[in-house]
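Engineer: Need the 3D shape of this:
(2 chains)
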2 protein chains.
Amino acid sequence: MKVIRTIDELRSELADGRSSGRGPVGFIPTMGYLHEGHGSLMELARKQSGTVVVSIFVNPIQFGPGEDFETYPRDEQRDLSFAKSKGVDIVFLPSVNEMYPQPTKTKVSVSELTSLLCGASRPGHFDGVTTVVNKLFNIVKPDFAYFGMKDAQQVAVIEQMVRDLNLDVKIVPCPIVREADGLALSSRNVYLNDEERMQALVLSKSLQDAVDGMHKGILTTAGEVREQLTSAISKAPLADIDYTEILQFPDLVSIPDDAELETIENAIILALAVKFGETRLIDNILFQPKAGA
Amino acid sequence: MKVIRTIDELRSELADGRSSGRGPVGFIPTMGYLHEGHGSLMELARKQSGTVVVSIFVNPIQFGPGEDFETYPRDEQRDLSFAKSKGVDIVFLPSVNEMYPQPTKTKVSVSELTSLLCGASRPGHFDGVTTVVNKLFNIVKPDFAYFGMKDAQQVAVIEQMVRDLNLDVKIVPCPIVREADGLALSSRNVYLNDEERMQALVLSKSLQDAVDGMHKGILTTAGEVREQLTSAISKAPLADIDYTEILQFPDLVSIPDDAELETIENAIILALAVKFGETRLIDNILFQPKAGA
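Structural biologist: I've put the predicted structure just below:
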């Protein structure tokens, strides 16, 4: 496994791979502090690609003022061992100065899809994400790029960018990986104390209960689902709700409270963002109302 | 010469070229109604590249309301003969629907450099330019891309985008091509009636006179240059000045009126935008104050 820190060296290494016919390039952009969620992306990339590239870069421009850019967990040595154990070929570990030698004047932004959910609570966040992912795509030129569905809105936004800008890469969304008790894996879980960790289970549980309720025909409208999610999460005393939403996916169009879910043709996403202490967690679940009815 | 109208066909043709070792791809994005300005770019691309691709696409999203998108001159047959005569390999002629099957939600925008000159009079124009050029770069994946210096601000903006987004393409700026009497070639010159065409000569002449004045030490400050340009152009009764500017190039930083030009280390650009009747013309000239002193 090669560890590369400069854009020039990465380009030259990838060009060598292309000219010697190493097959498609699979790419997993991450912010590091890798866990089995990232691991599942690497395993799939390993199956589908000749060269697997993982980038580890905590991207300053996707953090707002007062967010956790400085304290975001980092552990380079552990990450490198983890990537190696998953059969990764190249880890790209650029410095902030390598990615932004000057403050960027160029932004890639996606409208509409970014105005709600995490985009509403984190203004500018998705511009930072699409800009850095665009840069990384231009550097790596992957054939496939793998993203976890825990950040479902991010997947929708990046797929929109790829389509609109004719980027020649196939986005591969991968299922959420959870702890045995249901908590979605996240690098930020390390922030949680024991009590917060326990109460955070309400996220996955409330989502699963809502989907069960829809399957059983107990919850039939979007308003009932919202109410049920909010009331279930509110039972956790430390939970501070940012949003509990039900939307069409991947276009992220809102569903009115009185809409009968079984009339909706598209996939539906239930999505949550909840703070426990200083830690903001997100989770979601996809649901096919037609298939589920 | 191949004429290609779909993205898929173009990608497949270019992939064939790459796999059969046809050498670098040189790309000239245009809005058609080709003239010898475009021709000079094609000739240079022909010398430097294995495959020369010209796109002809009047890009709706770079035109503002009330601008000339509908009436922009188009002549496909003449353009194809012209490109063929210059040794072009592929002309890419997409429809608006091919480039924008849905209205784009994704924009690529460059700040600061786009807030002045044509960016100030044409709000949103450069977002449209950078977005479509980014799309075209993603489709064509050129090694070299050629742009005329008549649109000097466009060159500066696109170079900024390429740097900021790590696009793997070398931008090649090419000198302005002029008629024998000095008028800069432009597809929009066709709009001019005889009287406007004659008076429009004041653009190139005032620029050349100002540079002569600087060389001779008659014009020593930025304010004197602005004043001289404005007064020279105002002598043409049909001229309606949008701007007469003097800036550093390529960062497009303004130069205060009282600044002594010989103290400036960077290149300087004198840039004009002037309407004659309904036709807005631009012209510019670059100047190295140190070399010129």
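
Engineer: what's the spacing between the closest residue to chain B within the stretch 1-150 of chain A and A:Val169?
Structural biologist: Proximity of the stretch 1-150 of chain A to chain B (Cβ to the nearest Cβ) peaks at A:Thr106, 3.6 Å away. Where C-beta positions appear, they are placed from N, C-alpha and C, glycine not excepted. To A:Val169, A:Thr106 is 19 Å away according to Cβ to Cβ, to the nearest Å.

Engineer: try A:Gly26
Structural biologist: From A:Gly26 across to A:Val169, the span is 10 Å (Cβ to Cβ).

Engineer: Counting neighbours, go ahead and name the busier of these two.
Structural biologist: Set A:Gly26 next to A:Val169 and count neighbours by other Cβ atoms under 10 Å in any protein chain shown: A:Gly26 wins out with 28 against 18.

Engineer: so which strand or helix has that one?
Structural biologist: Assigned by DSSP states H and E, A:Gly26 belongs to strand A:25-30.

Engineer: ok, and for the helix or strand following that strand, which residues are buried?
Structural biologist: Counting by DSSP H and E, the element after strand A:25-30 in chain order, helix or strand, is helix A:36-48. Under the neighbour-count criterion of 16 or more other Cβ atoms under 10 Å in any protein chain shown, helix A:36-48 has A:37-45, A:48 buried.

Engineer: Same list (those) but as TSV, adding pLDDT and distance to B:Ile255.
Structural biologist: Listed next are those as TSV, based on pLDDT from 0 to 100; distance: Cβ to Cβ, whole Å:
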residue	pLDDT	distance to B:Ile255
A:Gly37	98	53
A:His38	98	50
A:Gly39	98	55
A:Ser40	98	56
A:Leu41	98	51
A:Met42	98	53
A:Glu43	98	57
A:Leu44	98	55
A:Ala45	98	51
A:Gln48	97	54
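
Engineer: Any stretches of chain A with poor pLDDT?
Structural biologist: Within chain A, the segments meeting pLDDT under 70 span A:291-293.

Engineer: which bits of the stretch 151-293 of chain A sit near chain B?
Structural biologist: The stretch 151-293 of chain A comes close to chain B at residues A:160-161, A:164-168, as judged by Cβ under 8 Å from any Cβ of the partner chain.

Engineer: quick check, A:Asp242 in a strand?
Structural biologist: Yes - membership of A:Asp242 in a strand is supported by DSSP: H, G, I helix; E, B strand; the rest coil.

Engineer: how near is it to B:Pro250?
Structural biologist: Counting by Cβ to Cβ, the separation of A:Asp242 from B:Pro250 is 43 Å.

Engineer: and what of A:Glu112?
Structural biologist: 33 Å.

Engineer: re the thing from before, check the burial of the closest residue to the residue of the stretch 1-150 of chain A closest to chain B other than its chain neighbours by counting its neighbours.
Structural biologist: Residue nearest to A:Thr106 in three dimensions, not counting chain neighbours: B:Asp164, with 3.6 Å by Cβ to Cβ, 6 or more residues apart in numbering or on different chains. Residues near B:Asp164, counting by other Cβ under 10 Å, number 22.

Engineer: go on, A:Leu10?
Structural biologist: A:Leu10: 22 surrounding residues under other Cβ under 10 Å.

Engineer: Now it: phi and psi?
Structural biologist: The phi/psi pair for A:Leu10 (degrees, to the nearest 10) reads phi -60, psi -50.

Engineer: May I have the beta-bridge partners of the residue nearest to it when sequence neighbours are not counted?
Structural biologist: Excluding the flanking residues, the one nearest A:Leu10 by Cβ to Cβ, 6+ apart is A:Ile4, at 4.7 Å. Per DSSP bridges, the residues bridged to A:Ile4 are A:Phe92.

Engineer: my guess is A:Ile4 contacts A:Ile90, does it?
Structural biologist: Yes - using Cβ atoms under 8 Å as the test, A:Ile4 is close enough to A:Ile90 to be in contact (6.0 Å).
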